[in-house]
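J.: give me a 3D structure for the following:
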Amino acid sequence: MPDATTVPKRILLIGTLDTKGEELAYVRDMIAGRGHEALTIDVGILTGPPFVPDIGAEEVARAGGASLEELRERRDRGAAIDAMIAGLRRVVADLHERAGFDAVLGVGGGGGTALATAAMRELPVGMPKLMVSTMASGDVAPYVDIKDVTMMYSVVDVAGLNLLSRRILANAVGAICGMAEQNVPDAPDRPMIAVTMFGVTTPCVDAVRHRLELAGYSVVAFHATGSGGRAMEALIDDGWFVGVADVTTTEWCDEVVGGVLSAGPDRLSAAGRAGIAQVVSVGALDMVNFGAAETVPSRFRDRKLYRHNPSVTLMRTTAEECREIGARIAGQLAGARGPTVLVLPLGGVSAIDAEGQPFHDPQADRALFETLCEHAPPNVEVVEVDAHVNAPEFASVLSDHLLRLLEETGHAVH
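T.: Purely as a prediction, here's the structure:
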């Protein structure tokens, strides 16, 4: 039970009442027993619900452009789930904007998980999201994507109440209520700057972060693993940041060459759309990422490979690939509406690209730098630094330029 100072919270509860009604009623009552309100949404289409939900399946279906009767008659499970996902997304987004709620909890199997998490991904980062699912011990990337969805494995099927299922559902209620009860300020106490990093660019990023924090900014680091880059882009679009130190643009290697950590073709576009200050560099553009050595595609087996750890194999980019990567990055930066500086470390782009290291390849690096200089659009200032990416002087140059741009855009901290 919350203490007397805790304001009752409104928790959205999503599930298929036609098959999970008993379990959802149990969860609803436990939430109420903790002093909070459960707002139930039914996304089941097979039969009538065992209790009246706050938002019924018919309303969800209509929001998805269908009728519940039509979905039942068609007996096409895939089409029904698609329609209910579309409807649930609209219903939840509208409810969040119009009435508001403090957290969302889903309970279900494969279909219920796909439905509930699709709606959760429409909600902002920071909003508590918990999914109790039979699918949670496998690959959860399709359900989580780049949002902070917490997955809890149900262990037993969500098919009736028993000693095990009651305990697991009770734990879920305790977790979501605890999340909702947390009192964390919504507004940052200092202007926020995004930075991108990899293990091989960590010294640079640490130095940049230290400098920016001393200047009064809050620095948020993103691991450039594909999902990290996409998460950063989405949060920039949501207006979280006043500037970006995009030190590590390595995800473009995977996008262009075919590695496993691509952030997609829209990487390096959000800051430009937002018109915020951005300083961009070429950290870790010497490497394409794969899994364990045996997962490297056969067409690459004769390339220069480096075993980073048992689960990660890196492949050195060639001069030709670097030219393509450079052209793609320059093309992305052409759309920037805000001040943009491209800073090039002529001494190497990663810890294993330095002289004497396995990926040291001055010819490939030169192809990258020359292409970027040749194709850099007029709106982008290009700065060449005769230092390695992890050298202190390079971090100083990068930080100086970003602080200057923040001053120019009215985001200096005084």
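
J.: which residues touch the least confident helix or strand in the chain by mean pLDDT?
T.: One helix or strand of the chain scores below all others by mean pLDDT, DSSP states H and E: helix 68-74, with a mean of 88. Outside helix 68-74, the residues within contact range by Cβ atoms under 8 Å, 6 or more residues apart in numbering are 45, 46, 57, 58, 61, 79, 80, 83, 84. To be clear about C-beta, it is placed using only N, CA and C from the backbone, and glycine gets the same treatment.

J.: now, of these, which are buried?
T.: 45, 57, 58, 61, 80, 83, 84 (16 or more other Cβ atoms under 10 Å).

J.: and which of the residues you listed is nearest to residue 129?
T.: Taking Cβ to Cβ as the measure, residue 84 is the one of these closest to residue 129, at 18.3 Å.

J.: any idea which element that closest one lies in?
T.: Under DSSP states H and E, the secondary-structure element containing residue 84 is helix 77-98.

J.: helix or strand next in line after that helix, which one?
T.: Note on helix 77-98: by DSSP H and E, the next helix or strand toward the C-terminus is strand 103-108.

J.: just the CA atoms of that following strand, as CSV, please.
T.: What follows is strand 103-108, C-alpha atoms only, in CSV (Å, rounded to 0.1, in the frame of the first residue of the first chain):
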residue,chain,number,x,y,z
ALA,A,103,1.9,3.7,-16.2
VAL,A,104,0.9,0.8,-18.5
LEU,A,105,0.8,-2.9,-17.7
GLY,A,106,0.1,-5.6,-20.3
VAL,A,107,-0.5,-9.3,-19.7
GLY,A,108,-0.7,-11.9,-22.5
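
J.: show me what that strand is packed against.
T.: Under the contact definition 3 or more Cβ pairs under 8 Å, 6 or more residues apart in numbering; DSSP states H and E, strand 103-108 sits against strand 10-15, helix 17-33, helix 110-120, strand 129-133, helix 163-181.

J.: dump those into TSV; add distance to residue 249, mean pLDDT and mean neighbour count as well.
T.: Converted to TSV, the helices and strands packed on strand 103-108 look like this (distance: least, Cβ to Cβ, whole Å; pLDDT from 0 to 100; neighbours: other Cβ atoms under 10 Å):
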stretch	distance to residue 249	mean pLDDT	mean neighbour count
strand 10-15	38	97	26
helix 17-33	44	95	20
helix 110-120	29	95	24
strand 129-133	30	97	26
helix 163-181	34	96	18
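
J.: closest to residue 247 out of those?
T.: When the helices and strands packed on strand 103-108 are ranked by proximity to residue 247, the top entry is strand 129-133, at 29.9 Å, counting by Cβ to Cβ.

J.: that closest one: partners in the sheet, and parallel or antiparallel?
T.: Within its sheet, strand 129-133 is paired with strand 103-108 (parallel), strand 150-153 (parallel), according to DSSP bridges.

J.: tell me which of those strands is the most buried.
T.: Burial among those, expressed as mean neighbours by mean count of other Cβ atoms under 10 Å, is greatest for strand 103-108, which shows a mean of 28.

J.: got the angle for it vs helix 77-98?
T.: Angle between the axes of strand 103-108 and helix 77-98 is 170 degrees (criterion: axes from the mean of the first three to the mean of the last three Cα atoms, to 10 degrees).

J.: sorry, back to before: and the strands paired with strand 129-133 as JSON lines, adding distance to residue 168 and mean pLDDT?
T.: Putting the strands paired with strand 129-133 into JSON lines (distance: least, Cβ to Cβ, whole Å; pLDDT from 0 to 100) gives the following:
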{"stretch": "strand 103-108", "distance to residue 168": "10", "mean pLDDT": "97"}
{"stretch": "strand 150-153", "distance to residue 168": "7", "mean pLDDT": "97"}
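
J.: switch those over to TSV; also include distance to residue 359.
T.: As requested, the strands paired with strand 129-133 are arranged in TSV below (distance: least, Cβ to Cβ, whole Å):
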stretch	distance to residue 359
strand 103-108	44
strand 150-153	36
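
J.: out of those strands, flag the one nearest residue 142.
T.: In this view, the strands paired with strand 129-133 are compared for proximity to residue 142 by Cβ to Cβ, and strand 150-153 is the closest at 11.0 Å.

J.: who does the closest residue to residue 361 other than its chain neighbours form a beta bridge with?
T.: Using Cβ to Cβ, 6 or more residues apart in numbering and skipping the chain neighbours, the partner closest in space to residue 361 is residue 316 (6.3 Å). When bridges are taken as DSSP bridges, the partners of residue 316 come out as residue 287.

J.: thought residue 316 was touching residue 360?
T.: No: Residue 316 sits out of contact with residue 360 when judged by Cβ atoms under 8 Å, with a separation of 9.3 Å.

J.: which of these two has more residues huddled nearby?
T.: A side-by-side neighbour count of residue 316 and residue 360, using other Cβ atoms under 10 Å, places residue 316 first with 21 against 16.

J.: how far away is the more buried one from residue 290?
T.: Residue 316 sits 12 Å away from residue 290, taking Cβ to Cβ, to the nearest Å as the criterion.

J.: equivalent analysis for residue 166, please.
T.: When residue 166 is compared with residue 290 (using Cβ to Cβ), they lie 44 Å apart.

J.: and residue 46, by the same measure?
T.: Distance, residue 46 to residue 290, by Cβ to Cβ: 44 Å.

J.: using the record's assignment, carve this protein into domains.
T.: Under the assignment automatic domain parsing, the domains of the chain span 10-181, 192-408.

J.: comparing the ones you listed, which yields the minimum mean pLDDT?
T.: With a mean of 94, domain 10-181 has the lowest mean pLDDT of the domains of the chain.

J.: start and end of that one, how far apart?
T.: Terminal residues of domain 10-181 are spaced 10 Å apart (Cα to Cα, to the nearest Å).

J.: roughly how far out does that domain sit from the chain middle?
T.: Averaging C-alpha coordinates over domain 10-181 and over its chain gives two centres that are 21 Å apart (Cα atoms, centre = their mean, to the nearest Å).

J.: can you count the residues close to residue 414?
T.: Once other Cβ under 10 Å is used to define contacts, residue 414 is seen to have 4 neighbours.
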